[in-house]
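Asker: quick one: sequence plus predicted model below, questions after.
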Amino acid sequence: MKLVRLKLQNFRRHRATEVEFPDGVLAVVGPNGAGKSTLLEAVSFALYGPKAAGTGKDLIRSEDAPPGDAVRVELDLEVAGQALRVVRELRGKAQNPMASLEVDGHLQVQPVSGSSDQVTQQV
């Protein structure tokens, strides 16, 4: 598995962050509380859903985000020569989980009610 890109919206300390992962070793450096560990948490969230995040669903939305704004994590990765895109969202004040999965540009799971569990099973 190779991480290609991670895009965060309203995820913990990251209101809008995009990281492209180059080939080779990557070091993430910054002061305590800057959001370094949150990047790893976001990868886990994208792959396995809200239960895999190290933080409860009620604490995932950025403090700076309005209560109705969605939490969104997009993860592009390569697995066994296939390009995958996983998108996970927590929508609305109730933070309802939704997800989608694309494999080589073809939508496998649409972002509808219950889709978060479907994506987790396929990942």
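Answerer: Sure thing, it's come through. From a predicted model like this one, the values you see are computed outputs, not experimental measurements.
Asker: packing partners of the longest helix belonging to the chain?
Answerer: In the chain, assigned by DSSP state H, the helix with the most residues is helix 36-48. Counting contacts by 3 or more C-beta pairs under 8 Å, 6 or more residues apart in numbering; DSSP states H and E, helix 36-48 packs against strand 2-11, strand 14-20, strand 71-79, strand 82-91. C-betas here are computed from N, CA, C, even on glycine.
Asker: now for the first one, which elements pack on it?
Answerer: Okay, so that is strand 2-11. Applying 3+ C-beta pairs under 8 Å, 6+ apart, we find strand 2-11 packed against strand 14-20, helix 36-48, strand 71-79.
Asker: export those to CSV and tack on mean pLDDT and mean neighbour count?
Answerer: Shown next, in CSV, are the helices and strands packed on strand 2-11 (pLDDT from 0 to 100; neighbours: other C-beta atoms under 10 Å):
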stretch, mean pLDDT, mean neighbour count
strand 14-20, 93, 14
helix 36-48, 93, 19
strand 71-79, 96, 19
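Asker: minimum distance to Asp117: which of these has it?
Answerer: Of all the helices and strands packed on strand 2-11, it is helix 36-48 that lies closest to Asp117, at 10.8 Å by C-beta to C-beta.
Asker: start to end distance for stretch 102-120?
Answerer: Stretch 102-120 has its terminal residues 13 Å apart, counting by C-alpha to C-alpha, to the nearest Å.
Asker: any buried residues in stretch 23-39, and which?
Answerer: Residues of stretch 23-39 classed as buried by neighbour count (16 or more other C-beta atoms under 10 Å): Gly35, Thr38, Leu39.
Asker: and that stretch, how far from the chain's centre?
Answerer: Averaging C-alpha positions (C-alpha atoms, centre = their mean, to the nearest Å) puts stretch 23-39 16 Å from its chain's average.
Asker: hmm, which helix or strand of this structure has the shakiest average pLDDT?
Answerer: Every helix and strand of the chain was ranked by mean pLDDT, DSSP states H and E. The lowest is helix 57-60, at a mean of 72.
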